[in-house]
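1. got a sequence here, can you model it:
(one chain, ligands or ions: 1)
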Amino acid sequence: MTDNYLTLVNSGPAGTLAKKLGLPRPAVLRRHKQGAPLVPGPLLVLGTGAGADTLATRLLDWNQDVRRHARPGEKLGAIVVVLDAVADPSDLAAPVLELGQALRQLARGGRIVTVSRPALESTDPAEAAARQGIDGMVRSIGRELRAGATANGILLRGEAPVESASGALRFLLSGKSAFVNGQFITAGESPQSGPQDEERPLAGQTAVVTGAARGIGAEIAAVLSRDGAHVVVVDVPAAGEQLAAVANRVGGTALQLDITAEDAASRILEHVQHRYGSLDLLVHNAGITRDKLLANMDAARWESVMAVNLASQLRVNRSLLASDTFSASGRIVCLASTSGIAGNRGQSNYAASKAGVIGMVRSTGAALEGSGRTINAVAPGFIETEMTARMPFATREVARRFSSLQQGGQPIDVAETIAFLASPAAAGINGEVLRVCGQSLVGA
Ligand code: NAI
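-> Presented below is the predicted three-dimensional model:
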């Protein structure tokens, strides 16, 4: 669905009027384009420790124009603030104030990315305070930035060296993370070595996407195919025609299947084994809403939502993880929702199912730790699809504007995030829930 207001305020006089009236002025976001530079200008790396030097060198390896101090008047594509060694809140002032001085030089669609360590892993209260302080700072900057710029952070888990941030850093700097704002990605030491093929990171892999006949699922299929994967698209038989069209578009195969069926996992595995040999990625995207206030909820609405959104994922994962057809470095990515984080009026069933997905991902992630396989969830906020086009006008407008980016996301934003989590660059990311919500106020 098109956001007409966004189009209007970005077309000359209406934008000036919106500014005068103090109305929201959502920017056209900087999204990934093949061949476009990673960031729209030179990169400033702040921080004094060895970690900052390491990441500055990594960025030079990526052929980026790197600065260690801002040059007056120069527009910056991104600012990376390396704070992995902070031990006390007083360590924050110098790099953070230098960041503040450089903020006005950030280009449209620019990026701020911090690299630090999780507060919960520290047993020293002062160190934990400094680390947690970064959390509040990044989320606040996300709310202050304009012109489609975003601020996010990377947390290095355990003893992970600063290089472990590379995969998430590249994603957060790029146009692929356009609708990710005010979020943190925790990255552990990655077992993967060597650079990945940035054009086709999934070359030769086989992916299954459920609920792929339309909306976000169809876009996920397209992006995975762009990145080199063979894609199997799954949807209910009633959506067979649309599903076949998607399969044709992405050069993949279609499997008509209700994922709540008892034998769903074996049918997926048989289909994949027969045509491709093994499965590298499963995206649990199929989902439904049956909204009602809990006082008016009936068993059919509750049970259907739980069956499609959660029980099917639990059942399929159990079979998948026990199967040799699922690759030793296989990935599972599940669709959760910000409703599952913050709750939503009229969605007790949907929010229970999506919160359940988050619980499942964290538990399964812990069980998979060190195995080479990973599971993660993506929690979209308001995304422009047929599902959200059915919302009442006023509710939809509020959902769009109540985020730092003042607009809804596009299916491509969710798809890019999933493709990143499926890529070799995300090998150290496991059991995580990444919001793609433009820093929505819901569950902020
Ligand atoms: P959609 O309604 O446009 O598409 C969902 C697809 O899933 C449809 O093609 C449908 O036929 C399929 N499906 C439903 N039940 C199925 C079953 N039993 N077996 C196989 N396929 C089935 O939805 P949309 O907006 O593309 O959402 C995709 C996912 O993203 C869902 O899990 C949804 O909960 C989640 N999500 C969407 C948000 C949004 O703003 N659109 C926000 C947060 C999460």
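2. which residue, neighbours along the chain excluded, lies closest to I383?
-> Distances taken as Cβ to Cβ, 6 or more residues apart in numbering place G409 nearest to I383, at 4.7 Å, with adjacent residues excluded. The way it works is simple: take the backbone N, C-alpha and C, and place the C-beta from them, glycine included.
3. next, the one you found: phi, psi?
-> phi -90, psi 170 (degrees, to the nearest 10).
4. now do the strands in the chain.
-> 43-46, 66-67, 76-82, 106-116, 150-156, 184-187, 206-210, 230-235, 253-256, 279-284, 326-335, 374-380, 433-436 (DSSP state E).
5. pick the most buried one from those strands.
-> strand 206-210 (a mean of 29; mean count of other Cβ atoms under 10 Å).
6. other residues contacting it?
-> 217, 220-221, 224, 229-235, 255, 259, 268, 272, 276-286, 422 (Cβ atoms under 8 Å, 6 or more residues apart in numbering).
7. coming back round to it: got JSON lines for the strands of the chain, with mean pLDDT and distance to the ligand too?
-> As requested, the strands of the chain are exported to JSON lines (pLDDT from 0 to 100; distance: least, Cβ to the nearest ligand atom, whole Å):
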{"stretch": "strand 43-46", "mean pLDDT": "98", "distance to the ligand": "32"}
{"stretch": "strand 66-67", "mean pLDDT": "98", "distance to the ligand": "37"}
{"stretch": "strand 76-82", "mean pLDDT": "98", "distance to the ligand": "27"}
{"stretch": "strand 106-116", "mean pLDDT": "98", "distance to the ligand": "22"}
{"stretch": "strand 150-156", "mean pLDDT": "98", "distance to the ligand": "19"}
{"stretch": "strand 184-187", "mean pLDDT": "98", "distance to the ligand": "19"}
{"stretch": "strand 206-210", "mean pLDDT": "98", "distance to the ligand": "6"}
{"stretch": "strand 230-235", "mean pLDDT": "98", "distance to the ligand": "5"}
{"stretch": "strand 253-256", "mean pLDDT": "98", "distance to the ligand": "9"}
{"stretch": "strand 279-284", "mean pLDDT": "98", "distance to the ligand": "8"}
{"stretch": "strand 326-335", "mean pLDDT": "98", "distance to the ligand": "4"}
{"stretch": "strand 374-380", "mean pLDDT": "98", "distance to the ligand": "4"}
{"stretch": "strand 433-436", "mean pLDDT": "98", "distance to the ligand": "9"}
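8. Throw these into TSV and include distance to E303, thanks.
-> Converted to TSV, these look like this (distance: least, Cβ to Cβ, whole Å):
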stretch	distance to E303
strand 43-46	51
strand 66-67	55
strand 76-82	47
strand 106-116	43
strand 150-156	37
strand 184-187	34
strand 206-210	19
strand 230-235	21
strand 253-256	23
strand 279-284	18
strand 326-335	19
strand 374-380	22
strand 433-436	25
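9. what's the closest of those to R315?
-> strand 279-284 (10.9 Å; Cβ to Cβ).
10. residue contacts, the residue in the stretch 1-150 of the chain positioned nearest to the ligand?
-> The nearest approach of the stretch 1-150 of the chain to the ligand comes at M1, 9.9 Å away (Cβ to the nearest ligand atom). Residues in contact with M1 (Cβ under 8 Å, 6+ apart) are E384, T385, E386, T388, A389.
11. of those, list those near the ligand.
-> Filtering those for proximity to the ligand by Cβ under 6 Å from any ligand atom leaves T385, E386, T388.
12. give me the distance between G175 and the ligand.
-> 20 Å (Cβ to the nearest ligand atom, to the nearest Å).
13. can you check the pLDDT for that residue?
-> Confidence at G175, expressed as pLDDT, is 98.
14. the residue nearest to it when sequence neighbours are not counted: what's it in contact with?
-> Leaving out its chain neighbours, the residue that sits closest to G175 by Cβ to Cβ, 6+ apart is H32, at 3.8 Å. Contacts for H32 (Cβ under 8 Å, 6+ apart) come out as S174, G175, K176, A178, E416.
15. if we go to 7 Å?
-> S174, G175, K176, E416 (Cβ atoms under 7 Å, 6 or more residues apart in numbering).
16. equivalent analysis for N430, please.
-> G188, G365, L368, E369, T374, I375, N376 are the contacts of N430 under Cβ under 7 Å, 6+ apart.
17. tell me which two in those residues are the farthest apart.
-> Using Cβ to Cβ, the contacts of N430 span at most 13.6 Å, a distance reached by G188 and I375.
18. up against the ligand, what does this protein have?
-> For the chain, the residues in contact with the ligand (Cβ under 6 Å from any ligand atom) are 210-211, 213-217, 235-236, 239, 258-260, 285-288, 308, 335, 337, 380, 382-383, 385-388.
19. could you chop this protein up by domain?
-> 31-187, 206-436 (automatic domain parsing).
20. reformat the ones you listed as a markdown table; add distance to G15.
-> Output for the domains of the chain, formatted as a markdown table (distance: least, Cβ to Cβ, whole Å):
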| stretch | distance to G15 |
| --- | --- |
| domain 31-187 | 12 |
| domain 206-436 | 13 |
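21. quick one: which of those domains is nearest G12?
-> Closest among these, using Cβ to Cβ: domain 31-187, at 16.4 Å.
22. how far does the closest one stretch from start to finish?
-> End-to-end distance for domain 31-187, by Cα to Cα, to the nearest Å: 23 Å.
23. how far does it sit from the chain's center?
-> Distance of domain 31-187 from the chain centroid (Cα atoms, centre = their mean, to the nearest Å) equals 17 Å.
24. for V316, give me its contacts.
-> I259, A264, A265 are the contacts of V316 under Cβ under 7 Å, 6+ apart.
25. neighbour-wise, which of these leads?
-> I259 (25 neighbours; other Cβ atoms under 10 Å).
26. correct me, but it touches A286?
-> Yes. Shown here, I259 and A286 form a contact pair, counting by Cβ atoms under 7 Å, at 5.3 Å.
27. now for those two: what residues contact both?
-> In contact with both I259 and A286: T210, V308, using Cβ under 7 Å, 6+ apart.
28. kindly export stretch 421-435 (C-alpha atoms) in PDB.
-> The C-alpha trace of stretch 421-435 is given here as PDB (Å, rounded to 0.1, in the frame of the first residue of the first chain):
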ATOM      1  CA  LEU A 421      20.300 -13.200   9.200                       C
ATOM      2  CA  ALA A 422      20.500 -16.000   6.700                       C
ATOM      3  CA  SER A 423      23.900 -14.900   5.300                       C
ATOM      4  CA  PRO A 424      27.400 -16.200   6.300                       C
ATOM      5  CA  ALA A 425      28.000 -12.700   7.800                       C
ATOM      6  CA  ALA A 426      25.400 -13.500  10.500                       C
ATOM      7  CA  ALA A 427      27.000 -16.800  11.600                       C
ATOM      8  CA  GLY A 428      27.700 -15.300  15.100                       C
ATOM      9  CA  ILE A 429      24.100 -14.100  15.700                       C
ATOM     10  CA  ASN A 430      21.900 -16.700  17.400                       C
ATOM     11  CA  GLY A 431      18.800 -16.600  19.600                       C
ATOM     12  CA  GLU A 432      18.200 -12.900  18.800                       C
ATOM     13  CA  VAL A 433      15.100 -10.900  18.100                       C
ATOM     14  CA  LEU A 434      15.700  -8.000  15.800                       C
ATOM     15  CA  ARG A 435      13.000  -5.300  15.500                       C
END
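29. before I go, just wanted to say thanks for your time.
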